[in-house]
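Asks: here is my input, please return the structure:
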Amino acid sequence: MPSSKEVFESILEAWNTKDLGKFKDLCTPDFAFTAGPNSMTLEEYVAVMNAVYASFPDIHFEASDVAEDGDTVTVGKGKVTGTHTGEPFAFGPFPAVEPKGTKCVNDKEMWTVVFAGGKCKTFSAVTTEEGAPFGPPGFYVQIGGKME
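Replies: Residues are numbered from 1 along each chain as shown. Okay, here's the model as predicted:
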């Protein structure tokens, strides 16, 4: 069985190649994604990622300061970049924002990924700097979305 870090690297590859089928195969059925107060099931997360890919065609995920401790992988610095040149982007109940070519960077993220049976069970993203944008809501705010 591959190590947790190897599975995590496969997740990054799946995200960067927009292969959500592969991503789903790497996750447990009860997978949960959290970014601050927002939490999503696997199907909810895949739906959000489909919207993100359609809105930010050049999206790219990077991880540095990666450490593995058994079934947990921590990423000291997660970075997500993308340019809003595709479809209008909405998050949750908030209205869609039309693309204007805005370059977005979430570079103050820390990720904790927990595995069970060689598959990703939870993925948590938090900001490393108070008020810094992170997760899909971070892109939404950077393109001018209002979460009020």
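Asks: tell me where the chain has helices.
Replies: 4-16, 20-25, 42-55, 135-142 (DSSP state H).
Asks: pick the most buried one from those helices.
Replies: Of all these, helix 135-142 has the most neighbours on average by mean count of other C-beta atoms under 10 Å, namely a mean of 22. Every C-beta, even on glycine, is put in place using the N, C-alpha and C of the backbone.
Asks: contacts made by that one with the rest, please.
Replies: 35-36, 38, 48, 52, 55-56, 80, 82, 84, 89-92, 94, 97, 102, 104-106, 109, 125, 132-133, 147 (C-beta atoms under 8 Å, 6 or more residues apart in numbering).
Asks: could you redo the last one with a cut-off of 6 Å?
Replies: Helix 135-142 has contacts (C-beta atoms under 6 Å, 6 or more residues apart in numbering) with 35, 48, 91, 104, 106, 125, 133.
Asks: what residues are up against the fifth one?
Replies: With contact taken as C-beta under 6 Å, 6+ apart, Asn106 is in contact with 80, 133-134, 138.
Asks: picking that back up, any idea which of the contacts of helix 135-142 is closest to Pro29?
Replies: Val48 (17.8 Å; C-beta to C-beta).
Asks: now, of the contacts of helix 135-142, which are buried?
Replies: Using 16 or more other C-beta atoms under 10 Å as the burial test, the contacts of helix 135-142 include 35, 48, 91, 104, 106, 125, 133 as buried.
Asks: follow-up on the earlier one: and the contacts of Asn106, which is the shakiest by pLDDT?
Replies: Among the contacts of Asn106, Pro133 has the lowest pLDDT, at 75.
Asks: and that residue, how far from Val80?
Replies: Going from Pro133 to Val80 by C-beta to C-beta, to the nearest Å gives 10 Å.
Asks: over to Ser64?
Replies: To Val80, Ser64 is 13 Å away according to C-beta to C-beta.
Asks: show me which of the two is the more surrounded one.
Replies: Shown here are Ser64 and Val80; by other C-beta atoms under 10 Å, Val80 has more neighbours (24 against 9).
Asks: Ala35 and Ala125 touch, don't they?
Replies: Yes: Ala35 is within contact range of Ala125, at 4.5 Å (criterion: C-beta atoms under 6 Å).
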